[in-house]
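Enquirer: what follows is a predicted protein model with its sequence.
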Amino acid sequence: MFIWFLKLYWRLALNIFYRRIEVQGLEHLPEEGPVLLTSNHVNALIDPLVIMVRLRRPLTMTMKNTLSQNWLLGFLIRRTGSIMFHRAMDKGRGSIVAANAASLAECRKRLTQGAAICIFPEGESHSASKMKPLKNGVARIALDYLEQDGNAGGLKIVPVGLHYEAKDRFRSAVFVRFGEALDVAKWKDQHFAGQASSLTAEIERGIHQVTLNFEHQREAFLLNWAAEVLGTRGEAPPMLGQGEKSLPKHVGLVSRVRDGYLKLQQTQGEEVAAISARVHRYRARLRLYGITQAEVFIRMSPARAALFVLRELELLLVGLPLAAFGWLHHMVPLMLIRWYARRITEHRDQWSSNVIFPAMIVFPVLYLLLMSAAWLLLPKAWPLVYSVLLPYGGWYMVNWADRVGGSWQRMRTFLQFLARPALQQELVSEGREIIGEIQRLGSVVEAEEATKAVNDPLDAT
Amino acid sequence: MRDVWRQITPSDWVTGGILAVTLAVLTLLLPGHPELWDEWLTHAGALGAFALAAWFMARRSDWRYVHTLRAATTVGVMFLLYLTLGMFPFTSIPWRGDPLLAGLDQMLFGGERPSVLVERTLNRHWIEFYSFIYSIFIPYLYFSIFLSCAGLPERQRRIFLNGYAITYAISFLGYLALPSHGPVLALSREFAGQLQGGYFLLTVQQGVDSVGGPHGAFPSLHVGASAFLCFFDLRYNRLRGLTYLPVMVLIAISTLVVRYHYFVDVATGLAIATLAVWLAARVDARWAGEKKDEGRVAVGH
């Protein structure tokens, strides 16, 4: 019951901090039987929660033991039955690496009970552009389970890719992608002499398939921008509140652009360099004017502009009282939480954990205090009205602020283009040329692949 | 010919259908009530004109303004029915729904009348506030229709019109089956006194009187239509839905405060709106799917 409530509460907290959490590939996760979920690790304590709240089946989490030194986290770790691992890098902070033998045994014991266990084989959360080398722990658990526990239930390893639009930004989007399950027994049959290191390499390949990895951050930014331009298709953006950009689609597009980029660097190096420089310049120009990629293509139609004004003004004015009510009640605690998070955050991947976890305590306490005061001081039905409006106002304020930000952005862009129509023409032209060039290079890649397939079918596959 | 039939959208069928039902009821009543001849002619003419418009819209589904025409004809028919169904059922249908509805309210509230209960908690200022809320319904309705028909993508526009037509059509069946005046007339002796308000109360009362007085209590279209708009927005235009959700709740309360509806009317209105939103997308998917199966690209796909 406690776990069920906790899961619900975590889900609520994540759905407030992140605007959208999309999931793909859940069909790859067996509904029952032992499973090891292996994921990339880029957002500290949020990563296991994002996976857990989307699963119907219970999930056992693994954590570094130093987390138990925090009273709240220690309590949660014990109550949720999480398994603690001791990292060598935490040696001076209470970590006893020898204790991992017991943790590994505990993992195998849970697997014999048909548990799903979530492990981050990189061993630490980070903000690098590509995955860190995987530790062998997962492979050892799997092989030991196979050899010593008889592989009861048929162990599977499911790779998970976590993609954050901007992991430390309030109201950004998240995409969780489950990859194809690896049947450990079948793998062992095909790799009879396979050791933990080869299984780790296989696990790494699986996670690579569901994540985006780049050699450098520069490359990550460049390919993301290129995919953003490509994703606009040179068409006008949808109206606000409609047809929001899909993170899974964007990730898919980035993946294809990256694959093409890597292939063409060998054969069309100069052209790739030229288009990369062009994307950089285009992006820099858009940043200078404060215009997003999609809004370059907005239609400068008086009728659409009038409709936009009517629609957004209605929401702004009608929603303002409720948003103001929400703001008045939530702004101070939000600012306190941000101040606290700024004080304790050392790395970017810790930020959202340091905001969400304190918020999960601060806001219920605040609500309890305010609602108690309302019930004591307000007459008749007003305490009930206040108790309903308080959380509703907070939720509304967050959504309203998202929308007002988007409206302001779009209106600014429209006014800029109204004042400087030539600017829009240049940007549209440049944007479409970049799209055309990327598509042309994409065809070159396809042609090269087709040629390879014809010349050497075995090699092509 | 078959192609034309398939191009007629669900909202056109529903709108034409409720017009046809109304005409059928008038036809049945006409022998005993020859004074309904003008009404009969009006509805027959409206049905003929609407059928022509629907046929035209089906034939010219790629015409640039077909969506505007569809919206205008649907809203126009529903407005006409709202006016006429407030009059002739009360002169020609022998029964009233008020005793049944008042009885149901009493049963649900342990012997009390919700409107009378509400009266005890209100003063002049609250009555004026709720009258203002009640009057917000009209601008909310027409502005929502405008935004939905002008601003939404093709498919959502169709779904909106489907749901709007379904909401009104089912409600009008209620007007025909159970003509009711509402507590303001039926329970007038049970209230402590007349409503005391100000400008907005007067505006509301004059507005109701101008369309034939209190009628069409069951079900509450104030609640049904505003709930449909709100639920539709929650699904397709979330922030707008969240914005108007409290307004919709206040509108529901206001219908009891101004005594035009029973609680049962409010509950039925909510149920109709829920059904309309659920049905609207399904019938559209089926209609669009059927058209796709024929190899013809459905409008908006």
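Expert: Good, I have the coordinates.

Enquirer: burial check on whatever residue of chain A ends up closest to chain B, number of neighbours?
Expert: Closest residue of chain A to chain B, C-beta to the nearest C-beta: A:Gly319 (4.5 Å). (Glycine included, C-beta is placed from N, CA and C.) Neighbour count of A:Gly319, defined by other C-beta atoms under 10 Å in any protein chain shown: 22.

Enquirer: state the distance from it to A:Ala447.
Expert: The gap separating A:Gly319 from A:Ala447 is 53 Å, by C-beta to C-beta, to the nearest Å.

Enquirer: could you list the residues of chain A in contact with chain B?
Expert: A:238-239, A:241-243, A:307, A:310-311, A:314-315, A:318-319, A:322, A:380, A:389, A:392, A:395-396, A:399-400, A:402-403 (C-beta under 8 Å from any C-beta of the partner chain).

Enquirer: which of those residues fall within helices?
Expert: Judged by DSSP state H, these include A:307, A:310-311, A:314-315, A:318-319, A:322, A:389, A:392, A:395-396, A:399-400, A:402-403 as members of helices.

Enquirer: now for these: which two are most distant?
Expert: A:Leu307 and A:Leu389 (30.8 Å; C-beta to C-beta).

Enquirer: low pLDDT regions in chain B?
Expert: B:1-2, B:291-301 (pLDDT under 70).

Enquirer: kindly report the residues of it close to chain A.
Expert: B:121, B:143, B:147, B:150-153, B:236-240, B:242-244, B:246-247.

Enquirer: remind me which residues of chain A are low pLDDT?
Expert: A:456-461.

Enquirer: okay, which residue is most central for it?
Expert: A:Tyr164 (2.5 Å; C-alpha atoms, centre = their mean).

Enquirer: just checking, that one touches A:Ser172?
Expert: Yes: with contact defined as C-beta atoms under 8 Å, A:Tyr164 reaches A:Ser172; the gap is 6.6 Å.

Enquirer: show me the contacts for residue 238.
Expert: Answering for chain A, as no chain was given. Counting by C-beta atoms under 8 Å, 6 or more residues apart in numbering or on different chains, A:Pro238 makes contact with A:Glu244, B:Pro153.

Enquirer: wait, I meant chain B there
Expert: Contacts of B:Arg238 by C-beta under 8 Å, 6+ apart are A:Gly241, A:Asn399.

Enquirer: swap in the one 4 residues further on?
Expert: The contact partners of B:Leu242, by C-beta under 8 Å, 6+ apart, come to A:Trp395, A:Tyr396, A:Asn399, B:Leu234.

Enquirer: could you check how far whichever residue of chain B sits closest to chain A is from A:Arg140?
Expert: Residue nearest to chain A within chain B: B:Thr243 (4.5 Å; C-beta to the nearest C-beta). B:Thr243 is 55 Å from A:Arg140, where distance means C-beta to C-beta.

Enquirer: more crowded one of the two?
Expert: B:Thr243 (25 against 18).

Enquirer: can you tell me the helix or strand for that one?
Expert: Assigned by DSSP states H and E, B:Thr243 falls within helix B:238-257.

Enquirer: isn't B:Arg96 right up against B:Ser180?
Expert: Yes: between B:Arg96 and B:Ser180 there is a contact at 6.1 Å, judged by C-beta under 8 Å.

Enquirer: quickly list what's touching both of these two.
Expert: B:Ala186.

Enquirer: who has more neighbours, these two?
Expert: Set B:Arg96 next to B:Ser180 and count neighbours by other C-beta under 10 Å: B:Ser180 wins out with 29 against 17.

Enquirer: so A:Leu134 makes contact with A:Arg205?
Expert: No: using C-beta under 8 Å, A:Leu134 is not in contact with A:Arg205; the gap is 10.4 Å.

Enquirer: packing partners for the longest helix along chain B?
Expert: Longest helix in chain B, counting residues (DSSP H): helix B:263-293. Helices and strands touching helix B:263-293, as assessed by 3 or more C-beta pairs under 8 Å, 6 or more residues apart in numbering or on different chains; DSSP states H and E, comprise helix B:2-7, helix B:10-29, helix B:98-108, helix B:154-177, helix B:221-236, helix B:238-257.

Enquirer: save those helices as TSV, and put in distance to A:Met61 too.
Expert: What follows is these, written out as TSV (distance: least, C-beta to C-beta, whole Å):
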stretch	distance to A:Met61
helix B:2-7	54
helix B:10-29	49
helix B:98-108	48
helix B:154-177	41
helix B:221-236	34
helix B:238-257	32
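
Enquirer: what helix or strand does A:Leu73 sit in?
Expert: Short version, using DSSP H and E: A:Leu73 is in helix A:71-80.

Enquirer: just to revisit the earlier point, which residue packs closest to the residue nearest to the centre of chain A, ignoring adjacent ones?
Expert: Leaving aside its chain neighbours, A:Tyr164 sits nearest to A:Val174 (5.5 Å; criterion: C-beta to C-beta, 6 or more residues apart in numbering or on different chains).

Enquirer: what's the answer for A:Pro391, then?
Expert: A:Tyr367 (6.8 Å).

Enquirer: so that neighbour touches A:Leu390, yeah?
Expert: Yes: between A:Tyr367 and A:Leu390 there is a contact at 6.2 Å, judged by C-beta under 8 Å.

Enquirer: neighbour count: the two, which is higher?
Expert: A:Leu390 (19 against 16).

Enquirer: re the thing from before, out of the contacts of B:Leu242, who has the most neighbours?
Expert: Top of the contacts of B:Leu242 by neighbour count (other C-beta under 10 Å): A:Tyr396, with 22 neighbours.

Enquirer: contact partners for that residue?
Expert: A:Gly319, A:Leu322, A:Ala323, A:Gly326, B:Leu242, B:Thr243.

Enquirer: and the closest residue to A:Asp90 other than its chain neighbours, how many residues sit next to it?
Expert: Counting by C-beta to C-beta, 6+ apart, the nearest residue to A:Asp90 once its immediate chain neighbours are dropped is A:Thr66, at 5.0 Å. Residues near A:Thr66, counting by other C-beta under 10 Å, number 16.

Enquirer: residues contacting A:Thr66?
Expert: A:Arg87, A:Asp90, A:Arg93, A:Gly94, A:Ser95.

Enquirer: ok, residue 212 - how many residues close by?
Expert: All of this is about chain A. 20.

Enquirer: chain B was what I was after
Expert: 15.

Enquirer: what of A:Leu389?
Expert: With other C-beta under 10 Å as criterion, A:Leu389 counts 17.

Enquirer: coming back round to it: distance of the residue of chain B closest to chain A from A:Pro391?
Expert: Counting by C-beta to C-beta - B:Thr243 and A:Pro391 are separated by 16 Å.

Enquirer: again, but for B:Tyr164
Expert: For B:Tyr164, the distance to A:Pro391 - C-beta to C-beta - is 31 Å.

Enquirer: who's more crowded, these two?
Expert: More crowded of B:Tyr164 and A:Pro391, by other C-beta under 10 Å: B:Tyr164, with 28 against 16.

Enquirer: one step back: centre of the chain to the helix holding A:Leu73, how far?
Expert: 24 Å (C-alpha atoms, centre = their mean, to the nearest Å).

Enquirer: I'm done for today, thanks for sticking with me.
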